[in-house]
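K.L.:
based on what follows, work out the 3D shape:
(3 chains)
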Amino acid sequence: MKNIKLADSKKSSITKLDNSKQNKRICDTIFSKKSVPYLLLMPAFAFYAIFWLAPVISGMMEVFTDMDGNFTLIENFKLMFQSDLFGESIKNTAIFAAVSVVLQYFIALLLAVLLNSKFRGSKFLMFIAMIPMAITPTAVAILWKTGLIKEGWINSILMFFNIVKKPIVFMNAEGLSAVLLVMLIDTWTVTPSVMIILSSGLQGVQKELKEAAYTFGASKWAIFKDITLPIIKPSIITSVILRLIAAIQVWAIAVMVLGYGKAPFLVERIAFYVDVVPGLPTSEKIAFTLSFTTTVIVLAATVIYLRISRRKTGGNN
Amino acid sequence: MDRLNTIQKTVVAIILATMAIVVIVPILFFLNVAFSSDVEMSKFPKSIIPSFTLTVKVVPADNGEYEIFYDNGEGYRSILTTKNPIKLENHFRRQYNVSVPGEKLLRDFSQTRINGPMEFKYQKDILYNFKQFFAIVNNALPALKNSIIVSLYTIMISLTIGSLAGYAMARYKFKFKETINVSMLIVRMFPTVGISIPMAILLIKFGLFDTMLGLALLYSVPNIALTAWITSSIFVGINPELEEASMVFGANRFQTFMHITLPLALPALAASSMYAFLTAWNDTISALILTNENQTLALVVYKAIGTTSSGIQYAAAGSVVLIIPALVFTFIIRKYVNQMWGGVEL
Amino acid sequence: MSYLVLKDLEKRYTKNGPLIVNKMNLSIEKGEFIVFLGPSGCGKTTIIRMICGLEEVSGGDILIDGESVLSKKPKDREVSMIFQSYAIWPHMTAFDNIAYPLKLRRVPKHEIKKKVMTAAETADIVSLLDRYPAQMSGGQRQRVAVARAIVVKPKIFLMDEPLSNLDAKLRVSMRTELKNIHIKENSTSIFVTHDQAEAMSLADRIVVINKGMIEQIGTSMEVYHDSATKFVASFIGTPPTNFFKVKIEEIDRELYATSKSFKYKVQSELKKALTPYINKNVDMGIRPEFIDVSAEGNKPSEYLCDTTINFVEPQGTHSILIANIGENETKIMTTKYMDIKPKTKVPLYVREGKAMFFDEETTRRIK
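P.N.:
Down below sits the predicted model:
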């Protein structure tokens, strides 16, 4: 039996075990060190080729062919732009994404900092703060709907404390107040997950770095501003992108609490065309185009945000 | 260095107390609704503590009938007058969540003939709303089964393909490694909605539309990349010498992977499973797009909510069932989430 | 007047918990280089953190330049610290790290630049000022920590095991540099370490600490040759002091330290001190370099016992011989008999006057 030596003799023990085969040359090529990683990645490649690449491409193709199958650049986009509530959905999505992310970060950072000092009960409070994010989003919508209906508990509380004389009909909210409503509910749900990320970032700041600043005269605020904040910047950047991506795709709360069309968002429109008026050929095209547009917006937002944050950091991350 | 003065301490306490209230109060009210009967739903203002009993006032009326009074916060109101046991039973069941046979009710009420108007207390059937949810809402029970099935599929697919990929990324140096790293990142963050609709068409071609397997395939798209990422960082942490020792003593690569590497990577696998589970269990939009008859529980609950607010307590009960596994798993993996996100840079 | 005074200093972490620092009293003069020496967990880091202002004091007082500083923040105490991990802020350049204390004190920009340059020159890192910590070696980061500590010209310069994270060679060269900087800056310094060789080479005075209490304060020579307690004798010196349990007996009006393996005549200068211990047990300690293999001629010594050499460890300039006296493994340092073969039976002598005796209960040296 020939003893084929590989370039890396440490792994030669593997080939020794394959020695028994007659056509060991073939075995060696298949199981040689070079090809193993590619083999292991093959299932993933295959999966993504079929179930990601293909849909993405076919989706794009759908967007650029009209209903008769001919190539068109803007026909479907025209359909989309003219579709019901499209303009408003873009406006709402933009406002929602921008404002809610900022709002959530302020609250999450505040809570993360407060809960970071390990006082008695801080673990328990952290646990409580995390509950909303563990609840299925669909259930969250129902949770809040039970409160927002005319005889719901929100009105009960408001009237109990005499804040209002008559119950507010939340369900009639329209326009910006509807968006605000969705934003508040979303904040309730999502802030915990932001807080967790920031919290772990905060814990990663070594104690001695803060002590050194304190030794040299920094006040608590200076320590936070000059030391802590810059160090947790990577956590903040990562999580903002993820939040942004999710925020752009908001829809379930709007639909379940207020109903279709009351607070239009990009993905809410997609759900509309899939759930409420499927079957129309225009619906299909509009849905495809909307998906495509949403995806493009998400990617664009990500890239833009990364560019801005890289520049601010001065390229040292 | 960390001491706060009294004013600062009070402010902190107020902020944290507010947070706790804002989180807990809505949940309490929600749970209350999930256990509320129909009449309780019409009560206004709502109470925060659910009642486990029902109190009605019964007044004897002519013709052997009884008048039932119920207090929904604004004094006793007359609700129903009858002596029909079936009508009584249905009324008590549907309106009050009380399951008592009609004959027994009549017997109890007969005491009022002797004693005059009386109050009666009955135990509420606590699980009534839950039973109703699965009875009224179409497909609720099958949907529960479906959600479990699709979650399991997702876990299986993501874990097998993902951990192999993760192992490759951890243990080997090869060309394109960086490219693959970046592309996995892209796939992980790709908005699922972008491929859901094209996926539907693809699944139709494969005959997998409206099946749990088809849905699981979609869910696995981000999850395989996520699993690969989670497992690769654990694999990197496992000393390669442990694997080399195994091979020196006679195992081949595959046996080593199964007997040595995988068991050591258990936490990563557990975390990946739970992520996969949560993706599948919680999702609504993809299920909406990719299924027709075979819906998942999240989708069913979504549809159950309707636009009117009547019957919302049944949807609430269904949501409670939906929430429980999600709650449990999220808390189990939160430790892992901590490790992952702390200091992660893009 | 003393520059830094610790008065009955105490520290405990929980209300009724153990005392980490136990009624410590210490006076340090201006310009001294003091070393806190002791094993891990003895409390030396806790003390220096209390002096800095990073830990609450449970009892006692700390006075700097005559004033109690307990109520003052570190900045107001005018102390500076080099942390064991250096604590260099990773997101700032070396320049910004050093400049930060000045920035906090609102020193004008051009002055900051001047001061930072001066400190950087002293610490020899001028060429690294634009770099980030991630781009520096451990030794370079340490110098940044040094520069940052001296830039504010503190009254007291605290160093918490600053050399422990460096490799052996760098540790030796850096310690000379640190001492030079101390001299150049005219500072008063407290240096914490568990390495007794480091302590011996750097200190004006060494404070030997064990379990929260001071065992001895003295110069290097004093703690070595005139050890106050058993702990000091065992902690200082390599190879460590050999210890034997002995009984003091009076035979023919002479005092002997006796054990199962030997009967050693006690040196005359200790006769008076040891008389109260007649028929009692004491601990006897002999440093390896003071045990001779056979009488060494011009160095007067007293016979101890015969023994067999088990191992020989040649070190070049000397050899360490390992033998057993009774049950005690004994180390002998010799320059004369470096090539001796194992299993050789030899007589052992103790250099005159070099045997140490310690009270069994108080562990203090009997003298």
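K.L.:
tell me what the lengthiest helix in chain C is packed against?
P.N.:
In chain C, taking DSSP state H as the definition, the longest helix is helix C:168-185. The contact analysis (3 or more CB pairs under 8 Å, 6 or more residues apart in numbering or on different chains; DSSP states H and E) places helix C:168-185 against helix C:109-123, helix C:138-150, strand C:156-160, helix C:196-202. To be clear about C-beta, it is placed using only N, CA and C from the backbone, and glycine gets the same treatment.
K.L.:
any chance of those in CSV, plus distance to chain A and mean pLDDT?
P.N.:
Output for the helices and strands packed on helix C:168-185, formatted as CSV (distance: least, CB to the nearest CB, whole Å; pLDDT from 0 to 100):
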stretch, distance to chain A, mean pLDDT
helix C:109-123, 13, 93
helix C:138-150, 7, 93
strand C:156-160, 9, 93
helix C:196-202, 21, 92
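K.L.:
those into TSV, with extra columns for mean neighbour count and distance to A:F292?
P.N.:
Formatted as TSV, the helices and strands packed on helix C:168-185 follow (neighbours: other CB atoms under 10 Å in any protein chain shown; distance: least, CB to CB, whole Å):
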stretch	mean neighbour count	distance to A:F292
helix C:109-123	17	53
helix C:138-150	23	51
strand C:156-160	24	60
helix C:196-202	19	68
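K.L.:
closest residue of the stretch 51-200 of chain C to chain B?
P.N.:
Chain B sits closest to C:L54 of the stretch 51-200 of chain C, with a gap of 5.9 Å, by CB to the nearest CB.
K.L.:
any stretches of the stretch 251-367 of chain C with poor pLDDT?
P.N.:
C:296-297 (pLDDT under 70).
K.L.:
quick one: the strands in it, in order.
P.N.:
For the stretch 251-367 of chain C, strands defined by DSSP state E, counting those that start in this stretch occupy the ranges C:254-258, C:263-265, C:281-286, C:291-293, C:301-314, C:319-325, C:328-334, C:345-351, C:356-359.
K.L.:
make CSV from the ones you listed and add distance to chain A and mean neighbour count to it.
P.N.:
Listed next are those as CSV, based on distance: least, CB to the nearest CB, whole Å; neighbours: other CB atoms under 10 Å in any protein chain shown:
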stretch, distance to chain A, mean neighbour count
strand C:254-258, 49, 18
strand C:263-265, 51, 17
strand C:281-286, 39, 20
strand C:291-293, 45, 22
strand C:301-314, 36, 16
strand C:319-325, 39, 20
strand C:328-334, 39, 19
strand C:345-351, 47, 18
strand C:356-359, 39, 21
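K.L.:
those: which one's closest to chain B?
P.N.:
Nearest of these (CB to the nearest CB): strand C:301-314, 32.1 Å.
K.L.:
so which elements touch that closest one?
P.N.:
Applying 3+ CB pairs under 8 Å, 6+ apart, one finds that strand C:301-314 contacts strand C:263-265, strand C:319-325, strand C:345-351.
K.L.:
now these as CSV including distance to A:V164?
P.N.:
Shown next, in CSV, are the helices and strands packed on strand C:301-314 (distance: least, CB to CB, whole Å):
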stretch, distance to A:V164
strand C:263-265, 98
strand C:319-325, 90
strand C:345-351, 97
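K.L.:
right, and the ones you listed - which one's nearest C:L4?
P.N.:
strand C:345-351 (38.4 Å; CB to CB).
K.L.:
what angle separates the closest one from strand C:281-286?
P.N.:
Counting by axes from the mean of the first three to the mean of the last three CA atoms, to 10 degrees, strand C:345-351 lies at 100 degrees to strand C:281-286.
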